[in-house]
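Peer 1: Pasting the sequence and the predicted model now:
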Amino acid sequence: MMATKPKLAFYWAASCGGCEITITELGMRLIDVGDLVDIVFWPAAMDFKYEDVEKLADKEIDICFFNGGIRNSENEKVARLLRDKSKILVAFGSCSHLGGIPGLANLYDLENMLERVYDTAPSLDESRGTRPQPVNKVPEGEIELPALQPRVRTLAQTVEVDYFMPGCPPVVDQVWAVFQAALAGKLPPKGSVIGAGEKTVCDVCTREKGMSGVRITEFKRPHEVELDPNICFLRQGVICYGPVTRSGCNTPCLDGNMPCRGCYGPPEGVLDQGAKLASALGAIIDTDEPEKLQQILDSIVDPAGLCYRFGMAHSILNELKYGKES
Amino acid sequence: METNTSKNFADEVRAIPGGEHVEMCYSCGTCVSKCMIQQKVEPDYNPRRLLRMVMMDMREEAFASPTTWMCSACDLCYSGCPQEIHISSVIAAVKQLAIQNGYTSPLDTVAVKEEKCSGCGICVMACPYEAPHLIEKDVDGVMDRFAEVDVNRCMGCGTCVAACPMGAIAREGVANEDIVPQIAIKSKTTPSLVVFICDWCLRVEEDESILESYPDNVRVIHIPCSGRIDPQMAVMALASGIDGVLVCGCAPGECHFKRGTYVSQCKIGLLDKLIQQVELPEQRVKFVQIGTQDRGRIRLEIDNMLSSLEIVKEVA
C-alpha cells in the first residue's frame, strides 16, 4: 500500500505574481515536488476552484504557502479558509510577511487612493468618475467584486501564521531548501522566519564598508550617480537598506550594482525597519555644516516610501495610524 | 616608570600636532570654569592642572590623571581661553603619549558582540571619535568581517549603540535592554510624556531638580548623549499609549560628544518626515537643543510639550 503523500497548497492574494514565478523557477525540481506531494490547490498554475478547498477536511492540507497581503474581502475569506484547512500556514514573500509594495497604499486613505487611480492619474485621458462597486447590475444579472478594505494587512494581521518566509520574491534556492526541510519534518519552532539568514545583508555583501570620518553630505538616487561596484552604497551617498535587512537573498540586487531594497524584512530584534533605518542613516550624515542638515534630509525623496518600501503594513507607524491589528 | 628619552615631557607633547601650544598656558583656569566634566562628574578633572603637569615634567601624574582620559573634546573651554589654546588637542596629545606608554582608558567603553555583528560599518561612520573599525577574522575556516572598538578612543556616548541595527554594540547601562524597559508610564494622568534627556545639556543643579518636579505622567529617561536616541524607541513609546516623546540634547556647537546632537537632529528630523507622510499628528515627537545659556528652559520645553499634547488629544 502506498503511503499517502503530504498535501500542499499555494495561493496568491494581493501581490504581483512574482512569488508564483519563483516557484516555477524550481524548473525540473518541480517534477520531484510533484512526485513527493499532492498539490491540492494552486490556482495560478492549475485548475482549482475554492469549492475544492472547501470540500477538504479541516487541517487536511499539510502545508500552505500563502503569498500576497490582505487587500480585499476575497483575500481575507481565502486566508481564513486556508488557515482552517492547513496544518502549517506559511506567509510566503514580502507582501504576505510585511504587506509589501501594496502596503504602501496605507500611506493614503482609501478614497484618496481611488481618486488618484480613477480620476487624477496622468495616464488617464479623462476620468469617467467610476469606482469599483461590490455589486454591479448587468443585463445578465448581478455580478460581484470583492470589496476593497480600508488598508492592506499582512497575513499575520488577519489569521494565525506558523512561519514567515521573506523575500520579493523569496529566492528559489531558499524555496527549495524550505520544501526539503518541510518534507523532512525539520522546520524550526513555529513563529520562526524560515528561508533566510540570521544577520543582515551587509554580512554577506563583499563591498568595502564604512570608513571613519566618511559620512553622507548629500543623498543621491541610484540613477544620479555612477556607482562603484566595489564600495558600500551608503559611502557613495546612495541609500541602501542592507544594514536593516535580513540576509538570505543571495544579494541579486547588490550583484546588479543596485542597493538593497529591504525585501527580506527586519532582522531579529528590529521592530520597525523604517525607524531603524532612520536611526542608522541619521548617525552617518555629515555634520561639518550643521545649518545644512535640513538640506541633506530634504535631499531624500519620498522618505516613507523609502523607509517602508516593503514594511509599511507591518510597521509601528501603521499601527499608530490604524490601531493595533488582532 | 623611568623613561630614557632625552626630550622632556613638554617637548614630547609639543611634537604631537595639536600639542604645540601647551607652553602658552598661563594657568588662569578659565577652562576649568567652563568644563562640564569638572562640574558634573569629576571634581579632580582639571585641564589647567594637566597643562601645568606637562610643563613641570610630571609625566606619570599626567598619564594617570582623569583629565587625560575624560576629555570628550566638546571644546567649550576653547572659546573661553584667553590664550586661544585648543586645549582638547593638547589633552589628546598627552593621551596619545599615555597610550604609547602602556596606559589604557579607565572609562566604561562599548564592546562588540561578534555573534550579532554583521560588519556593516554603520558604527564606524557614526562614531564621533573614530573608535570602531572593521576587522576580518577567520571563523571556522571562513573569513568574516566584524567591528572592533579601540577602547582608548571610545568616550561611551552611545551614538553607535543607537545606530547599530543588530544591537551588536553596547556598554552597560546604555544597551537597548537597559533603556527600552524604562519606556513605560503607569500613571492615568494625561497627557503622558517621555523625556529622553542627554546627561550634559542641563548645566546646573536647579535644572536637574526641575526634571524631578513633575508627577509620574512625565517619565524622564537619562541617556549619555542625545545621539543615543533611536527613532524606534520613540515610535515604541507612542505605540505603548504614551502621548508624546521629547528628546533633549545640547545646542549646536556645544554638544558634549561633538556630533551627538546633530545625529539626534537628523534622526528626529527623518522621523518627522515619516510621521508627516503617514499623516500622524506631528507634535507628538520633538527634539530640542538646550544651550549653556538656557537655564530653566527645560521647564518651558516640558510644559509647552504637555500643553501641545493636550491640544493633540482634544483634536483626536
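Peer 2: Nice, I can see it.
Peer 1: pretty sure B:Ile179 contacts B:Ile221?
Peer 2: Yes - in this structure B:Ile179 lies within contact range of B:Ile221 using Cβ atoms under 8 Å: 6.5 Å. (C-beta placed from N, C-alpha, C; glycine too.)
Peer 1: Who has more neighbours out of the two?
Peer 2: Here B:Ile179 and B:Ile221 are compared on neighbour count by other Cβ atoms under 10 Å in any protein chain shown; more neighbours surround B:Ile179, at 22 against 19.
Peer 1: looking at this, that one is in a strand?
Peer 2: No - checked against DSSP: H, G, I helix; E, B strand; the rest coil, B:Ile179 lies outside a strand; its state is helix.
Peer 1: Quick one: low-confidence residue ranges for chain B.
Peer 2: Counting by pLDDT under 70, the ranges of chain B that qualify are B:1-6.
Peer 1: Kindly recompute the last result at 80.
Peer 2: B:1-7, B:316 (pLDDT under 80).
Peer 1: how about the helices of the stretch 51-200 of chain A, start to end?
Peer 2: A:73-85, A:94-98, A:110-115, A:172-183 (DSSP state H, counting those that start in this stretch).
Peer 1: Is the second one in proximity to chain B?
Peer 2: No - counting by Cβ under 8 Å from any Cβ of the partner chain, chain B has no neighbours in helix A:94-98; the shortest distance is 15.5 Å.
Peer 1: Pull that helix out as PDB, backbone CA atoms only.
Peer 2: Taking Å, rounded to 0.1, in the frame of the first residue of the first chain, the C-alpha atoms of helix A:94-98 are listed here in PDB:
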ATOM      1  CA  SER A  94       7.200  40.200   1.400                       C
ATOM      2  CA  CYS A  95       3.600  41.000   0.800                       C
ATOM      3  CA  SER A  96       2.300  38.300   3.000                       C
ATOM      4  CA  HIS A  97       5.000  38.800   5.600                       C
ATOM      5  CA  LEU A  98       5.100  42.600   5.800                       C
END
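Peer 1: which of the residues in that helix are buried?
Peer 2: A:Ser94, A:Cys95, A:Ser96, A:His97, A:Leu98 (16 or more other Cβ atoms under 10 Å in any protein chain shown).
Peer 1: Might you report the residue contacts of the nearest residue to A:Val270 once chain neighbours are set aside?
Peer 2: Spatially, and ignoring its direct neighbours in sequence, A:Val270 is nearest to A:Lys276 (4.8 Å; Cβ to Cβ, 6 or more residues apart in numbering or on different chains). A:Lys276 makes contacts with A:Val244, A:Pro266, A:Val270, B:Pro165, B:Asp230, B:Pro231, B:Gln232, as judged by Cβ atoms under 8 Å, 6 or more residues apart in numbering or on different chains.
Peer 1: Format those as JSON lines; extra columns: secondary structure and distance to B:Arg295.
Peer 2: Converted to JSON lines, the contacts of A:Lys276 look like this (DSSP: H, G, I helix; E, B strand; the rest coil; distance: Cβ to Cβ, whole Å):
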{"residue": "A:Val244", "secondary structure": "helix", "distance to B:Arg295": "40"}
{"residue": "A:Pro266", "secondary structure": "coil", "distance to B:Arg295": "42"}
{"residue": "A:Val270", "secondary structure": "coil", "distance to B:Arg295": "39"}
{"residue": "B:Pro165", "secondary structure": "coil", "distance to B:Arg295": "38"}
{"residue": "B:Asp230", "secondary structure": "coil", "distance to B:Arg295": "29"}
{"residue": "B:Pro231", "secondary structure": "helix", "distance to B:Arg295": "29"}
{"residue": "B:Gln232", "secondary structure": "helix", "distance to B:Arg295": "32"}
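Peer 1: And the residues you listed, which is closest to B:Glu20?
Peer 2: B:Asp230 (40.3 Å; Cβ to Cβ).
Peer 1: So what does the closest one look like in phi/psi?
Peer 2: Note on B:Asp230: backbone dihedrals following degrees, to the nearest 10 are phi -120, psi 120.
Peer 1: which ones are touching residue 302?
Peer 2: Chain wasn't specified; assuming chain A. B:Gln277.
Peer 1: ah, no, chain B please
Peer 2: Contacts of B:Ile302 by Cβ under 8 Å, 6+ apart are B:Leu193, B:Val195, B:Ile210, B:Tyr214, B:Val218, B:Leu246.
Peer 1: Then B:Val194?
Peer 2: Here B:Val194 is in contact with B:Ile183, B:Ile185, B:Arg219, B:Ile221, B:Ala237, B:Ile242, B:Gly244, B:Val245, B:Leu246 (criterion: Cβ under 8 Å, 6+ apart).
Peer 1: Give me the buried entries from the contacts of A:Lys276.
Peer 2: Of those, these count as buried by 16+ other Cβ under 10 Å: A:Val244, A:Pro266, A:Val270, B:Pro165, B:Asp230, B:Pro231, B:Gln232.
Peer 1: which among the residues you listed gets closest to B:Val312?
Peer 2: Nearest member of the buried ones among the contacts of A:Lys276 to B:Val312, counting by Cβ to Cβ, is B:Pro231, at 18.8 Å.
Peer 1: Is that closest one in contact with A:Leu281, as I believe?
Peer 2: No - counting by Cβ under 8 Å, B:Pro231 stays clear of A:Leu281, with 10.0 Å between them.
Peer 1: Extract the residue ranges of the stretch 1-150 of chain A that are flagged as low pLDDT.
Peer 2: Using pLDDT under 80, the flagged stretches of the stretch 1-150 of chain A are A:1-3, A:126-127.
Peer 1: For the stretch 1-150 of chain A, which residue gets nearest to chain B?
Peer 2: In the stretch 1-150 of chain A, the residue that lies nearest chain B is A:Leu107 (6.0 Å; Cβ to the nearest Cβ).
Peer 1: Next up, the contacts around that residue.
Peer 2: A:Leu107 sits in contact with A:Ala304, A:Gly305, A:Met312, B:Gln277, B:Val278, B:Glu279, where contact means Cβ under 8 Å, 6+ apart.
Peer 1: Reformat the residues you listed as a markdown table; add neighbour count, distance to A:Thr217 and secondary structure.
Peer 2: Output for the contacts of A:Leu107, formatted as a markdown table (neighbours: other Cβ atoms under 10 Å in any protein chain shown; distance: Cβ to Cβ, whole Å; DSSP: H, G, I helix; E, B strand; the rest coil):
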| residue | neighbour count | distance to A:Thr217 | secondary structure |
| --- | --- | --- | --- |
| A:Ala304 | 21 | 23 | helix |
| A:Gly305 | 14 | 23 | helix |
| A:Met312 | 29 | 29 | coil |
| B:Gln277 | 17 | 24 | helix |
| B:Val278 | 20 | 27 | coil |
| B:Glu279 | 14 | 30 | coil |
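Peer 1: what's the most distant pair in those?
Peer 2: A:Gly305 and B:Glu279 (13.8 Å).
Peer 1: Is B:Thr104 in a helix, a strand, or coil?
Peer 2: Going by three-state DSSP: B:Thr104 is coil.
Peer 1: Leaving out sequence neighbours, find the closest residue to it.
Peer 2: B:Asn152 (6.0 Å).
Peer 1: repeat for A:Phe233
Peer 2: A:Cys240 (3.8 Å).
Peer 1: So what's the residue count around residue 41?
Peer 2: All of this is about chain A. Residues lying near A:Phe41 (other Cβ under 10 Å) number 23.
Peer 1: look at chain B instead
Peer 2: B:Val41, neighbours per other Cβ under 10 Å, totals 12.
Peer 1: Please apply the same query to B:Ile311.
Peer 2: B:Ile311, neighbours per other Cβ under 10 Å, totals 12.
Peer 1: name the element B:Gln276 belongs to?
Peer 2: helix B:260-277 (DSSP states H and E).
Peer 1: Briefly note if stretch A:142-155 comes near chain B.
Peer 2: No - using Cβ under 8 Å from any Cβ, stretch A:142-155 stays clear of chain B, coming no nearer than 11.7 Å.
Peer 1: can you list contacts of that stretch?
Peer 2: A:13-14, A:66, A:69-76, A:79, A:89, A:91, A:96-99, A:102-103, A:105-106, A:109-110, A:114, A:132-136, A:161, A:312-314, A:318, A:322, A:325.
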